[in-house]
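1. give the three-dimensional model of this entry:
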Amino acid sequence: MSRLNQWIFPALLCCFLFNSAMVSGQPKKNVPNVKDPRLNQKVMVIMAGAELKTPTATVWKGYVGEVFTVSLTNGEWLWIAEKGGWLWEKDVIPFNESIGLLTERVTREKNGENYHLRGVAYLAHGQFDSAIADFTESLRLKPKNAGALNNRGQASYSKGDFKSAVADFTAAIAIEAKNPLILNNRALAYIELDDSTNAMTDLQAALTLVPDYAEALNNRGVVHQKIEKVDEAIADFSKALEVDPRYTDALENRAFAYLEKDDQARAIADLEAAMLLNPKSYEAANDLAWLLATSSDAKVRDPRRALMLSKEACKLSKYQEWNALDTLAVVHAENGEFAEAKKWLEEALKLAPADEKTRIQKHLDLAIAQKPVQD
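-> Numbering: from 1, shown residues only. The predicted model follows:
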């Protein structure tokens, strides 16, 4: 089984709760300030629709809770390289300080908006139970808030409670029936519940509202692939990439679809493109390493390059992702380095979810027997 059997979804998106402030003026120059402490720091959006601009266009509107890394600064403007635009610093707060800063707000004024914002911060930090508690309190103070319902659904989704997520997304849609973002989010929960019919219905509705919605196109591609419509899946991933050429999730998903058609050359091209676009992410390097190590095509197999890529994937993931460790082990075995393979499979087994442990154990048994993995 390839690493590429895991489809990649975008993060669930937070609904807009607040009106964004109008921003006047433009940054003067793309000049880095090497002494600025804001450089390379993460910031979290707290104003819905926060605009990321170039001198000629608005390239993105941020959602509450979206997290960016600052690459350059120019006065009160922050350059966000991943979106290619300048962001006004008053629309964000430092990510590492966000929970503390928003707790101060809640202490000063216990209203629905402040609980919602702190819930978003908890969500961004992966503290899902605390996020759910804050969203629930926000809804108690300000009922029928589609944004809080959506975000509580996101927290439940992140915990793996997909039925609760669907319930909250459905309640949010009852308030905002034509919100494509919530429709997309509910579709993701339906996908996890193996309900392709309802997922497709939601994605079609979202795309009727916003035909160029890249995330919905990507997710519809995932559904098409699940129901074995591979050509339709490739068309959806390709359309998502036309809308957003830097959309690495769609590239990686399309690579998997190409593999289903045994088009390994195009799969490799997509994975290499994803690596170039997002060099700090481990997924594409991990997937390419697996492909190069396990391909049945002798012209494609390249165990030495696979080893380099798998080591890089583990480094990028800080040796904390079970699937990257599994890949590293399988690549070591392919290179005849069975002791190393055994070591990393033992680590992968500790981190793997329950439904993957049996497969990892099979890999470990093969490594102990000094046999390569043919999965």
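
2. for K178, which non-adjacent residue is closest in space?
-> Once flanking residues are discounted, K178 sits nearest to L209: 5.8 Å by C-beta to C-beta, 6 or more residues apart in numbering. C-betas here are computed from N, CA, C, even on glycine.

3. from the chain's centroid, how far away is stretch 277-292?
-> The chain centre lies 14 Å from the centre of stretch 277-292; the measure is C-alpha atoms, centre = their mean, to the nearest Å.

4. I meant stretch 89-105, not that one.
-> Here stretch 89-105 is found 22 Å from its chain centre; the criterion is C-alpha atoms, centre = their mean.

5. give the contact list for the residue nearest to K178.
-> Contact analysis of L209 by C-beta atoms under 8 Å, 6 or more residues apart in numbering lists 178, 180, 183.

6. just the buried ones among these, please.
-> Among the contacts of L209, those classed as buried by 16 or more other C-beta atoms under 10 Å are 180, 183.

7. select from the contacts of L209 every entry located in helices.
-> 180, 183 (DSSP state H).

8. avg pLDDT for stretch 330-345?
-> What stretch 330-345 shows for mean pLDDT is 96.

9. for the host helix or strand of T358, packing partners?
-> If you go by DSSP states H and E, T358 is part of helix 354-368. Counting contacts by 3 or more C-beta pairs under 8 Å, 6 or more residues apart in numbering; DSSP states H and E, helix 354-368 packs against helix 322-334, helix 338-351.

10. per-residue confidence for the nearest residue to A81 once chain neighbours are set aside?
-> Nearest residue to A81, sequence neighbours excluded (C-beta to C-beta, 6+ apart): S71, at 4.1 Å. Looking at S71, its pLDDT is 94.

11. so who does S71 touch?
-> Going by C-beta under 8 Å, 6+ apart, S71 touches 32, 39-40, 79-81.

12. picking up where we left off before, tell me which of the helices and strands packed on helix 354-368 sits most buried.
-> Mean neighbour count, computed with mean count of other C-beta atoms under 10 Å, is highest for helix 322-334 among those, reaching a mean of 27.

13. list the helices and strands that helix packs on?
-> Under the contact definition 3+ C-beta pairs under 8 Å, 6+ apart, helix 322-334 sits against helix 283-294, helix 303-316, helix 338-351, helix 354-368.

14. just the C-alphas of that helix, formatted as PDB.
-> Taking Å, rounded to 0.1, in the frame of the first residue of the first chain, the C-alpha atoms of helix 322-334 are listed here in PDB:
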ATOM      1  CA  TRP A 322       4.500   7.200  11.900                       C
ATOM      2  CA  ASN A 323       4.000   7.000   8.200                       C
ATOM      3  CA  ALA A 324       7.300   8.800   7.500                       C
ATOM      4  CA  LEU A 325       9.100   6.400   9.800                       C
ATOM      5  CA  ASP A 326       7.500   3.500   8.100                       C
ATOM      6  CA  THR A 327       8.600   4.800   4.700                       C
ATOM      7  CA  LEU A 328      12.200   5.300   6.000                       C
ATOM      8  CA  ALA A 329      12.200   1.700   7.300                       C
ATOM      9  CA  VAL A 330      10.800   0.300   4.100                       C
ATOM     10  CA  VAL A 331      13.500   2.200   2.100                       C
ATOM     11  CA  HIS A 332      16.200   1.000   4.400                       C
ATOM     12  CA  ALA A 333      15.000  -2.600   3.800                       C
ATOM     13  CA  GLU A 334      15.000  -2.000   0.100                       C
END
